[in-house]
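Undergrad: Sequence and predicted structure below; questions after.
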Amino acid sequence: MEQTPILECRNLCISYDTRGGEIPAVIDFNMKVMPGKSVGIVGESGCGKSTVALAIMQYLGSNGYIKSGEIFFHGRDMRTMSPEELRSIRGSKIAMIYQEPMASLNPSMKIGDQLAEVPLFHEDVTRSEALKRAQELLEAVKLPDPPRIMESYPHQISGGQQQRVVIAMALLSKPDLLLLDEPTTALDVTVERGIVELVNEISAEFGTAMVYISHNLGLILETCDRITVMYSGEAVEDGPVEDVFDNMKHPYTSGLFASIPLPGADKNVRPLVPIPGQLPLPHQRPQGCFFGPRCAFFKDGTCNQEKVPMRTADSGDSHHVRCARFEEIDWSTGDHTAVATKSVKSGKVVLEVRNMKKYYEITDSSIMSLIRRTPPKTVKANENINFDAREAETVAIVGESGCGKSTFAKVLMGLESATEGEVVLNGEDLANLPVQQRKARTVGHLQMVFQNPFDTLNPSHSVGSQIARVIRKFGVEKDPRKVQDKVNDLLDLVKLPRDFAHRRPRQLSGGQKQRIGIARAFAGNPAVVVADEPVSALDVSVQAAVTGLLTEIQNDLRSTLLFISHDLSVVRYLSDRVVVMYLGHIVEQGTTDEVFSPPYHPYTEALLSAVPIADTSVEQKQIILEGDIPSAVNPPPGCPFQTRCPRKIGSICETDVPPVKDMADGHRIACHLDADVFAAMEPVIVVRDSEAAE
Amino acid sequence: MTDVTNTSAPSIFSRIFNGIGLLKESPIAIFGLSLIMFWVILAIIAPLLPLYEPNIPLEPFKFPLDGSAKNDGTYWLGTDHKGRDILSRVIFGAQQVLIWATTATVVAYIVGMFMGVVAGYLGGWWDEAISFISNILLSFPVIVLYIIIITYLGATGFNIVLAVTFASAPGIMRIVRGLVLDLRTRDYIFAAQTRGESAMHIMLVELLPNARGPLIVDACLRLGYTTITIAMLGYLGLGLPPPDPDWGKMIAETQALGSLAGHMALVPAIAISSLVLGFNLLADGLREISMRD
Amino acid sequence: MLILAARRLVSMALIMAVISFTLFAIFESDKLAVAGKVLGPYSSNEQRELWLTQNGYDEPFLERYATWVGNAMVGDFGNSIQFKVPVSEIMWPRLANTGILAGLYMLFMIPLSLTLGVIAGMKEGSLQDRVVSIGSVLTTSVPEFASATFFTAIFVFSLGWLPGTSAMTGGFTWAEIVLPVLVLVMYGFGYTARMTRASMAEVMTSHYIRTAVLKGIPYRRVIMKHALRNALIAPFTVIILQLNWLLSGVIVVEVFFAYKGFGKLLLDGALFGDIYVIEACTLVAVFVAVFSQFISDIGYTLLNPRIRFT
């Protein structure tokens, strides 16, 4: 039976008018969304996926416009709709959920009022009825204490709760179509899992069709029926989700897939393969296939002539691909070089952290507290941290927001002093030595790579001068010629051309800036480098290359890498040992294999179950944590995880801090559970033994 | 990948040239800059021009373009009630205003920027003290501050600069402090700290250069505002002592005689409006350009 | 909330204390000069010393300061040298006159600048935006004494519609207040209009406005209920703080049009050297400025839920 698609985009072309002329953002886009089904749109930054969503809502801003093509909603061409018609559709038939929930809610209006507006302006209801409906929906999205939230302002609730409010707002009028634009990118992994489950449930219950936009392939695999992959404004492949994952036809899709680490896979069997090159700028797209210059199967004459059309790749006309050569590609050839795997063995211990505690005091300077003489509140940011790091080893520190990893990094780097405990680097205790008092060599031996590539370099100075300054500061070289040579050496180390030294940061891409950040960190021949989420802010296809770069440098220089991340897939791939933190405590630590397989700390178990995995051959246990991460100002008594733990045994968890149990040669878990419970734990991530489809 | 070992960074001249070229993008900025340059150039070449002495009485109440001057000259802008040539008074008045407004603004900026970056970066006790002093200064209505300083310390150029600094520096301090509070959360500042850089280095080398954008726009606006202030002080009788030609004083002296010879007050009024308009337009254009980047 | 108000009041009192002390130190630490001002430049030192003893100047400095503050708080500011009557007799009526001027100014300026700013910011880059922006730039380039000159030339000398002075010798007349208010409003609305415009433009590009539109709320309500609530917070504080600037404009206007107001009193007192008038006027002016800052702070906290409810 031919159903009318709820939404259909036909040959859609969207452009922006800028100072530099017309810039095409989306080219020749086709998509059909059937009632009750969900379609995922996947791509990296600048591929145009968000533009498509905004175009569907007809909200392209003052300089965006649909150049050609149509968008049909329930069969009607949206361009023929009057502004009043559009208004009545928005929020009631088509609703949208946004990436940043805090920014998407009006800070000056109570949540209840904002929610009630939806039924008030779309249906004929009284205000009290609207408020009642709003509160009911807050319950449906599993928010605690709905009446209180109705009366609150957005800034008074957490990020996860805000996103649930946005979802409630979108669902209030039971829309036919839901657009989700990266709804979980700004949230913690365990919170993300809850939101994804919620969206799945509700769309099943209401029969809502969904368009799910993300850069995370794993997420799309879990939530969508069909997937469209976009590259530089074009759809390059689309089809049923399982089909596309198992039978990738487009080199970009397979390249993207190969550059993502999968937590279930062994890095020697499935190494990371980055896609070389960069995304083309919108006005510099190559002729013919846009992906051509980066493609391993590029053929001159075929791939760079005319525009490549979308063609059917299977017999049922549901899987399409935009590739001139897809029938003749031999997937076993043309592999780009995989990133280097770690080839060095760990050496002696270089960094020891013993019983480190870091407490902050928050002083309340209000008059009320002066009168009452309330004692200052203590934030227990780090509690009893114990671990070692060896030469040439990669130790990953994993945790979500509030776990204390940034505080730990600050104490290491000397920006804060430890309240108690020792931090010993090559024999020197740094715990109470602020960075200004450390010897230049010591400072050079312990450096950091930062998360945000856009802020990691000073925009007012040239890249080369910034590296040179670091070289001089650490006493590595003094002679200007030698300093210049060292700058060149470092640029070679991070695989950037030497004349980049004269460029300003704004002339570099995100990935290039991050490489400079790495060069800067290695300027002083550091023994230990702390990398704080070094690739999270980069595009997926660039992440693999930078990750590989770090590994290579480690191979050459035998430096120790402390890798702070929340991304368990990358952690699995890169690290030798893992430390899992929650609310200032280390809850589990051991080698990577030990931590990723049972026995687990309940938090590790939940974390592993929450990671979206883009692998159809993997089965993952579903463990959903209720509630939010508690605040570090008011940590729960006893075990920090007891408020959310699915394996809580009873009151002992609430009163006693759990003991650290040694499972086997250094694998430690801090938990009250018995040995037999641990022995009975099943793995969270299981790779089905059936051969992967090829 | 060419191995370029000795290409130097672009020279300072080409950088300035590029900077001015940027202005091309905003017609408003160019128009403003031309107005300003008009007065600046006039002020600079004044000694070379064949002008009458600004303070010597000639023939009173002559109208503009009156060609009946004694030695066959022309009173291009007429004369005032005391017979002084208005054209030369306006041009020499431009000198006065430009010199003092620029000096006062520059000094206020240096003081304000220093206070702002210290308060914003070092925080704590520094911030409290500097903010407290600024709040005190900002609690004075500006004109009261001027009146007190000039009445009690006398009306000299130095005191005017002092008064303008007291009045403007707190505002500048607030702007810089706000910028610094934002900038210091950036990773490159964090990176500098982890390198053990001194606070002085971070403030001067890492922070300040990045505050340029909004400060340049504010500086233009403030130049305009200071120009108004100096002329206003002259108008109220609090400016530099006679007989220096001062646009404000020119208006004060001749406003009541408007029914007889309106040009005497109108000419300096137009002069000051045009100069301030120049600063405001330049500021506007610069702001537009910086937004577009 | 109350705690915040209390803290601000304490801060206000502290600032007033510091300022009044500084003022007193500036004006009255040189006792002989004060006496010289009162008795005239031809008085001898003995006459001055005598006068000082008679008027309580032999007390220690801090005591004199305390007495002065105490008197000021009940309205006793001493006697004017120029007019030979208690300062309060002259000051309060003048203050009332200036109050009328300021009140009319606010009455016209606030709706004008807010409306123009909102219209301009609603559609950034549009014709209405450009017109308002250029208009604001033009009007804030013409200082009051210049615009007063222009307006006088047009309305008084050429057209003869309005009187050239506002001395109000025949009692209050509306015709005489037109030009002063016009001059003040013309210079004053530009800054507030631009701040409102900037605030509005920023709000209109925010994500929550996008949410409101995509929820299907009628455009009018989006502007009135969602945008304005957030956009008008900043301009509100700016308007209150205008009081600080207003005084200088008021002085110029009062001098130009010979309006018997507070500003002219202060200026004349300063030029004459009438110490007690200067002290009194300065204290009052500073108090108004500090009080307006207080109102602005409290208002901002009340209007901004992010600060009001942490």
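TA: Here it is on my side, so go on.
Undergrad: which strands and helices sit next to the longest helix seen in chain B?
TA: In chain B, assigned by DSSP state H, the helix with the most residues is helix B:86-122. Contact partners of helix B:86-122 among helices and strands, from 3 or more Cβ pairs under 8 Å, 6 or more residues apart in numbering or on different chains; DSSP states H and E: helix B:27-45, helix B:124-139, helix B:157-183, helix B:212-235, helix B:247-254, helix B:263-292. For glycine as for every other residue, the C-beta is placed from the backbone atoms N, C-alpha and C.
Undergrad: Contacts only, for the residue of chain A found nearest chain C.
TA: Nearest residue of chain A to chain C (Cβ to the nearest Cβ) works out as A:Gly91 at 3.4 Å. In this structure, A:Gly91 makes contact with A:Val118, A:Phe121, A:His122, A:Ala170, A:Ser173, A:Pro175, C:Leu214, C:Lys215, C:Gly216, C:Ile217, judged by Cβ atoms under 8 Å, 6 or more residues apart in numbering or on different chains.
Undergrad: Tell me the buried residues in the helix or strand hosting A:Val424?
TA: Using DSSP states H and E, A:Val424 falls within strand A:420-425. Residues of strand A:420-425 classed as buried under the neighbour-count rule (16 or more other Cβ atoms under 10 Å in any protein chain shown) are A:Gly421, A:Val423, A:Val424, A:Leu425.
Undergrad: Surely the third one is in contact with A:Val349?
TA: To tie it back to what came earlier, the one meant is A:Val424. No. Applying Cβ atoms under 8 Å as the test, A:Val424 and A:Val349 come out as separate, 9.0 Å apart.
Undergrad: Which element is encountered next along the chain beyond the helix or strand of chain A with the lowest mean pLDDT?
TA: Scoring the helices and strands of chain A by mean pLDDT, DSSP states H and E places helix A:367-372 at the bottom, with a mean of 56. Counting by DSSP H and E, the next helix or strand C-terminal to helix A:367-372 is strand A:377-390.
Undergrad: tell me the angle of that next one relative to strand A:420-425?
TA: Angle of strand A:377-390 versus strand A:420-425, following axes from the mean of the first three to the mean of the last three Cα atoms, to 10 degrees, is 30 degrees.
Undergrad: hang on, the earlier thing: deepest in the core, which of the helices and strands packed on helix B:86-122 is it.
TA: A comparison of the helices and strands packed on helix B:86-122 by mean neighbour count, using mean count of other Cβ atoms under 10 Å in any protein chain shown, puts helix B:247-254 on top with a mean of 25.
Undergrad: By proximity to chain A, which residue of the stretch 1-150 of chain C wins?
TA: Closest to chain A within the stretch 1-150 of chain C is C:Ile3: 5.4 Å, counting by Cβ to the nearest Cβ.
Undergrad: Check the secondary structure at that residue for me.
TA: helix (DSSP: H, G, I helix; E, B strand; the rest coil).
Undergrad: got it, and the one 5 residues further on?
TA: For C:Arg8, the secondary-structure state derived from three-state DSSP is helix.
Undergrad: Kindly report the same for A:Ile649.
TA: Secondary structure, three-state DSSP: A:Ile649 is coil.
Undergrad: And the one 5 residues further on, by the same measure?
TA: Following three-state DSSP, we place A:Glu654 in the helix state.
Undergrad: Determine the number of other residues adjacent to C:Pro86.
TA: 16 (other Cβ atoms under 10 Å in any protein chain shown).
Undergrad: per-residue confidence at it?
TA: As predicted, C:Pro86 sits at a pLDDT of 85.
Undergrad: Name the residues linked to A:Leu561 by a beta bridge.
TA: Residues in a beta bridge with A:Leu561, per DSSP bridges, are A:Thr394, A:Val529.
Undergrad: so what's it up against?
TA: Neighbouring residues of A:Leu561 by Cβ under 8 Å, 6+ apart: A:Glu393, A:Thr394, A:Val395, A:Val528, A:Val529, A:Ala531, A:Leu550, A:Gln554, A:Leu574.
Undergrad: and what of A:Leu262?
TA: A:Leu262 touches A:Arg270, A:Ser569, A:Ile613, A:Ala614, A:Asp615, A:Val618, counting by Cβ under 8 Å, 6+ apart.
Undergrad: check contacts around the last one.
TA: Think A:Val618. A:Val618 neighbours (Cβ under 8 Å, 6+ apart): A:Leu262, A:Gly264, A:Ile685, A:Val686, A:Val687, A:Arg688.
Undergrad: Next: the second one.
TA: Residues near A:Ser569 by Cβ under 8 Å, 6+ apart: A:Ile260, A:Pro261, A:Leu262, A:Pro263, A:Val611, A:Ile613.
Undergrad: my guess is the second one contacts A:Val570, does it?
TA: Going back to what we said before, that points to A:Pro261. Yes. A:Pro261 is in contact with A:Val570 according to Cβ under 8 Å; the separation is 5.4 Å.
Undergrad: near chain C, which residues of the stretch 51-200 of chain B?
TA: B:135-136, B:138-144, B:147-148, B:151-152 (Cβ under 8 Å from any Cβ of the partner chain).
Undergrad: And the helices in the stretch 101-250 of chain C?
TA: C:127-139, C:144-151, C:174-204, C:207-214, C:219-221, C:228-231, C:233-257 (DSSP state H, counting those that start in this stretch).
Undergrad: worst average pLDDT in the ones you listed?
TA: helix C:233-257 (a mean of 86).
Undergrad: okay, now A:Leu412: neighbour count?
TA: For A:Leu412, using other Cβ under 10 Å, the count is 23.
Undergrad: what's near enough to touch it?
TA: Contacts of A:Leu412 by Cβ under 8 Å, 6+ apart are A:Val423, A:Leu430, A:Leu446, A:Val530, A:Leu562.
Undergrad: Just give me the closest of those to C:Phe145.
TA: Of all the contacts of A:Leu412, C:Phe145 sits closest to A:Val530, with 62.7 Å by Cβ to Cβ.
Undergrad: list the contacts for that closest one?
TA: Applying Cβ under 8 Å, 6+ apart, the residues near A:Val530 are A:Ala409, A:Leu412, A:Met413, A:Leu446, A:Gln447, A:Met448, A:Val449, A:Leu562, A:Ile564.
Undergrad: Let me have these in CSV, extended by distance to A:Val535, secondary structure and pLDDT.
TA: As requested, the contacts of A:Val530 are exported to CSV (distance: Cβ to Cβ, whole Å; DSSP: H, G, I helix; E, B strand; the rest coil; pLDDT from 0 to 100):
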residue, distance to A:Val535, secondary structure, pLDDT
A:Ala409, 16, helix, 88
A:Leu412, 20, helix, 87
A:Met413, 20, helix, 87
A:Leu446, 21, strand, 89
A:Gln447, 17, strand, 90
A:Met448, 15, strand, 90
A:Val449, 10, strand, 91
A:Leu562, 15, strand, 92
A:Ile564, 11, strand, 90
